[in-house]
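Generate a structure from the sequence data that follows.
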Amino acid sequence: MTPDQPVHWLLGRLGVSSLPILPALENPTVSEIVGAGAAMVVIIGAIAVIALITWLGAWRALWRDWLTSVDHKRIGIMYIVLALVMLARGVLEGAVMRTQQAFGLNGGFLTPEHFSELFSTHGTIMIFFVAMPLIVGLANYIMPLQIGARDMSFPVMNQISLGLTATGAALVMISLLLGQFSTGGWSAYPPYTGYDFNPGPGPDYWIWSVALAGVGTTLSGINFAVTIFKERAPGMSLFRMPLFTWTILCAAIIMIYALPPLTVAALMLAADRYLDFHFFTNDLGGNMMNYVNLFWLFGHPEVYLLVIPAYGVFSETISTFSGKRLYGYNSLVYATMAIAVLSFTVWLHHFFTMGQSANVNIVFGIASMFIAVPTGVKIYDWMATIFRGRIRMTVPMIYALGFFYLFVIGGLTGVMLANPTISFQVHNTLFLVAHFHNVIIPGVVFGLMSGYHYWFPKAFGFRLHEGWGRATALFWIFGFSFTFFPLYALGFMGMPRRSASFTDPAFTPLMLVALFGAALIVSALASLLIQLRVSVRQRQSLAVPLGDPWNGRTLEWATSSPPPHYNFAVLPQVEDRDDFADAKAKGRAYQEPDAYEDIEMPNNTSLGMIVCVASTLLGLALVFYIWWLAILATGVMVVAFIARTFVLSTTHVIPADKIAAEHRAWLAQVHAAAPITRDAETSSANQGLARLESPTFAGAGQ
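Here you go, the predicted structure:
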């Protein structure tokens, strides 16, 4: 797209030249064919999904039960489905990049522009549309159950948050079909992403996908914080909350305070591009470093926003599968809060090389080293929890052990990079790429995969296949090791990051090792899909309707699997930090209450879907300068919000007799079932009722 290209009143700057298939037909190079092939995969995939839903006759149920639902559990599942779809694209793009660099001596098969687009979309997708939706999805599903709540404090806002996140993901996917995505990296630094240097639609795709999704994430943070503060069950003080809920609270605070700088930076960049402002240009008083400070004021807290919930997952799974109370609970809480606060004090280490004074670099270097201390506290507490525990080496524990040895290595390289002199030497080399993947993949992806396997039976009523789960975990662990450990050495050898090709043949052997690792990670993705398929087919033998397949310790395991719409027939009275473990030990679990009461729950609404569709159209209109469509889409959202204020009937009541019948039927199943030991929890005998192994013990400590 050239600066002087005319803008049509109807289609803006959208034209036939925006279709990726044309360059592939006109100039059928490997690079163009790869781009066109990716676009065709999106088209064929969309057609296949539409055809499958139509063949199943599921459109009505999809709309009624899912797309208009405000149930936190269904919204959480939709977040996770969105993340897994985007994970497939992100992993495959990473594999293409590793392939290009493996054969990149004096060339390769991708053009530099195509390679730049790949690492820009890969980073954007994996941070904003894989890790973030996985975290928000798990938090949506599990956190209200863990605190004994019926739903989120703001269920409609929760739906809108999902809609805005889906909008951002949709814009990234549409960029494969119309125009192209940014080539400016996931951080989109100006002036390269300014209009003078890059007038095409790519930077605009980045701006609106990130800005709209960022608003949705900020709303989620507000919702999580308010829910945790206001909706806890009677007796659940802050220091009786499960560690996962604590980590979600700290992550929510980061969402609330770290996402706005990103949104502001993206909108200021949009003002530079659309309105000829000069916030980030060297002329007329602008300063590019203002953007860099705003972006990393978001970007480094974002790292801990991603990893802190994964710490919460590991706290739950390590305790459960070690058969022990979590060691050092208070220190883990304080360490989590310390990390959340310190995460806002270290952003400048991302640009040590950009001209600050030595004193400024020293201050941020010390802060960056100091943040490793509370992280080390967590590692030791988890190891102490495992010590002398009866460990069951299930899939979540395999991920935990992979996390231990890989994440510690990544953390140590982070301490190295906190030294400004070392950072200066390896800046913009593959050493940096290895480091942040060494933190994000074992620290975030392993944690979220562990949580996915751990809580899947709670959401769907059947366990995931254990064998395929083990294969997936091992593929991830060894795939990561082979892919990214060679990059440390390549970085020391001088291989720059973001480079599509190289001229030093000494790089090739390690690049081929990294390609082998990428193949293992693609195998992990394939195994994940196979595991899901096999588990669905064998769901009868894997069923755990009684709700407690792992001998769990926290309140989410005190309900059926999947839980009823209202979560709990009667809100629990919490007496201990591991309240469900304590209830099982003292005989309080699985008791019929004295009385049942009516429960009021929120009604479904289409507002979230309206916002999703309208904001997607708004984003496309702004990318391609279709001003009438932008005005129309904005008007639709304004009218929808105003119309919502006139809706008087926003809740419905579930009668007590219906609740009583459902709860008594579940209790009858529980009392009729044979409890199983930990040794049998991966067998077909596991129906979701664990045997109490220490019946004489009156607490939840064992």
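
any idea how far His350 is from the closest residue to Gly137 other than its chain neighbours?
Nearest non-adjacent residue to Gly137, counting by CB to CB, 6 or more residues apart in numbering: Tyr79, 3.1 Å away. For glycine as for every other residue, the C-beta is placed from the backbone atoms N, C-alpha and C. Between Tyr79 and His350 the computed distance is 28 Å (CB to CB, to the nearest Å).

which of those two has more neighbours?
Tyr79 (26 against 21; other CB atoms under 10 Å).

Centre of the chain to the host helix or strand of the more buried one, how far?
Using DSSP states H and E, the element containing Tyr79 is helix 72-102. Distance of helix 72-102 from its chain centroid, counting by CA atoms, centre = their mean, to the nearest Å, is 10 Å.

same thing with stretch 261-281?
27 Å.

burial count for the residue nearest to Ala95 when sequence neighbours are not counted?
Among residues not flanking Ala95 along the chain, Ala518 sits closest, at 4.5 Å (CB to CB, 6+ apart). Other residues lying near Ala518 total 25 when counted by other CB under 10 Å.

what about Val215, neighbour count?
There are 20 residues near Val215, going by other CB under 10 Å.

List the contacts of it.
Leu164, Leu259, Thr263 (CB atoms under 8 Å, 6 or more residues apart in numbering).

Highest neighbour count among those residues?
Neighbour counts for the contacts of Val215 (other CB under 10 Å) peak at Leu259, which has 25 neighbours.

which ones are touching that residue?
Here Leu259 is in contact with Gly214, Val215, Thr217, Thr218, Gly221, Phe298 (criterion: CB under 8 Å, 6+ apart).

Mark which of those are part of helices, please.
Gly214, Val215, Thr217, Thr218, Gly221, Phe298 (DSSP state H).

Which of the residues you listed sits closest to Ser18?
Set against Ser18, the nearest of these by CB to CB is Gly214 (25.6 Å).

The closest one and Ser120: what is the separation?
Taking CB to CB, one finds Gly214 at 17 Å from Ser120.

and if you look at Leu87?
17 Å.

So if I had to pick from these two, which one is more boxed in?
Ser120 (27 against 22).

which element is the more buried one on?
Per DSSP H and E: helix 112-124 holds Ser120.

So for that helix, mean pLDDT?
Helix 112-124 shows a mean pLDDT of 95.

do stretch 279-295 as well
On average, stretch 279-295 scores 90.

before we move on, the earlier item: of all the contacts of Val215, which comes closest to Ile53?
Scanning the contacts of Val215 for proximity to Ile53, where the rule is CB to CB, the winner is Leu164, at 23.2 Å.

quick one: that closest one is in a helix?
Yes - the assignment for Leu164, made by DSSP: H, G, I helix; E, B strand; the rest coil, places it in a helix.

for Gly389, helix, strand, or coil?
coil.

Identify the residues contacting the closest residue to it other than its chain neighbours.
Take Gly389 and drop its neighbours on the chain: the residue closest to it by CB to CB, 6+ apart is Ser322, 3.1 Å away. Taking CB under 8 Å, 6+ apart as the criterion, Ser322 is in contact with Thr385, Ile386, Gly389, Arg390, Ile391.

Point out where the chain drops to low pLDDT.
The model of the chain has pLDDT under 70 over residues 1-5, 693-702.

Let's check: the centremost residue of it is which one?
Ala131 (2.4 Å; CA atoms, centre = their mean).

quick revisit: which one of the contacts of Ser322 is nearest Val636?
Thr385 (51.7 Å).

how near is the closest one to Ile366?
From Thr385 to Ile366 the distance is 31 Å (CB to CB).

So the two - more neighbours on which side?
A count of neighbours by other CB under 10 Å puts Thr385 above the other of Thr385 and Ile366, at 23 against 13.

Give me the buried positions along whichever helix or strand that one is part of.
Assessed by DSSP H and E, Thr385 sits inside helix 372-386. Buried residues in helix 372-386, counted by 16 or more other CB atoms under 10 Å: Ala372, Pro374, Thr375, Val377, Lys378, Ile379, Asp381, Trp382, Thr385, Ile386.

So which of the residues you listed is the closest to Leu14?
Using CB to CB, Thr375 comes nearest to Leu14 of those, at 47.4 Å.

what residues are up against that closest one?
Ala335, Ile339, Gly411.

one step back: got the buried residues for the helix holding Tyr79?
72-80, 82-102.

for stretch 524-531, same thing?
So, applying 16+ other CB under 10 Å, buried residues of stretch 524-531: Ala524, Leu525, Ser527, Leu528, Gln531.

Look up how far Val41 lies from the nearest residue to the second one once chain neighbours are set aside.
This means Leu525. Closest residue in space to Leu525, ignoring its immediate chain neighbours: Val91 at 5.0 Å, by CB to CB, 6+ apart. The gap separating Val91 from Val41 is 13 Å, by CB to CB.

Run through the strands of this structure in chain order.
Using DSSP state E, the strands of the chain run over residues 599-602, 651-654.

thinking again about what came up before, surely the residue nearest to Leu525 meets Ser523?
No - Val91 is beyond contact range of Ser523, at 10.3 Å (criterion: CB atoms under 8 Å).

Return the distance of Ile80 relative to Ala251.
Taking CB to CB, one finds Ile80 at 16 Å from Ala251.

Ala674 now?
40 Å.

Check Ala131 too.
On the measure of CB to CB, Ala131 and Ala251 end up 11 Å apart.

And for Ala310?
10 Å.

joint contacts of those two?
Ile135.

sorry, back to before: out of the contacts of Ser322, which comes closest to Pro242?
Of those, the one sitting nearest to Pro242 (CB to CB) turns out to be Thr385, at 13.9 Å.

Tell me who's in contact with the nearest residue to that closest one once chain neighbours are set aside.
Distance criterion CB to CB, 6+ apart; nearest residue to Thr385, sequence neighbours excluded, is Tyr327 at 4.3 Å. Neighbouring residues of Tyr327 by CB under 8 Å, 6+ apart: Asp381, Trp382, Ala384, Thr385, Phe387.

For my notes, please list those residues in a markdown table and give distance to Gly467 for each entry.
As requested, the contacts of Tyr327 are exported to a markdown table (distance: CB to CB, whole Å):
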| residue | distance to Gly467 |
| --- | --- |
| Asp381 | 31 |
| Trp382 | 26 |
| Ala384 | 31 |
| Thr385 | 26 |
| Phe387 | 28 |
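
Can you report how many residues neighbour the nearest residue to Gly107 once chain neighbours are set aside?
Counting by CB to CB, 6+ apart, Ser501 is the residue found nearest to Gly107 once chain neighbours are left out, at 5.5 Å. Neighbours of Ser501 under the rule other CB under 10 Å: 15.

I'd like to know how far Ser501 sits from Arg390.
Counting by CB to CB, the gap from Ser501 to Arg390 is 53 Å.

ok, now Ala690?
13 Å.

Compare those two and say which is more crowded by neighbours.
Ala690 (21 against 12).

residues near the nearest residue to the more buried one once chain neighbours are set aside, how many?
Closest residue in space to Ala690, ignoring its immediate chain neighbours: Asn551 at 3.6 Å, by CB to CB, 6+ apart. Asn551 sits with 23 neighbouring residues when counted by other CB under 10 Å.
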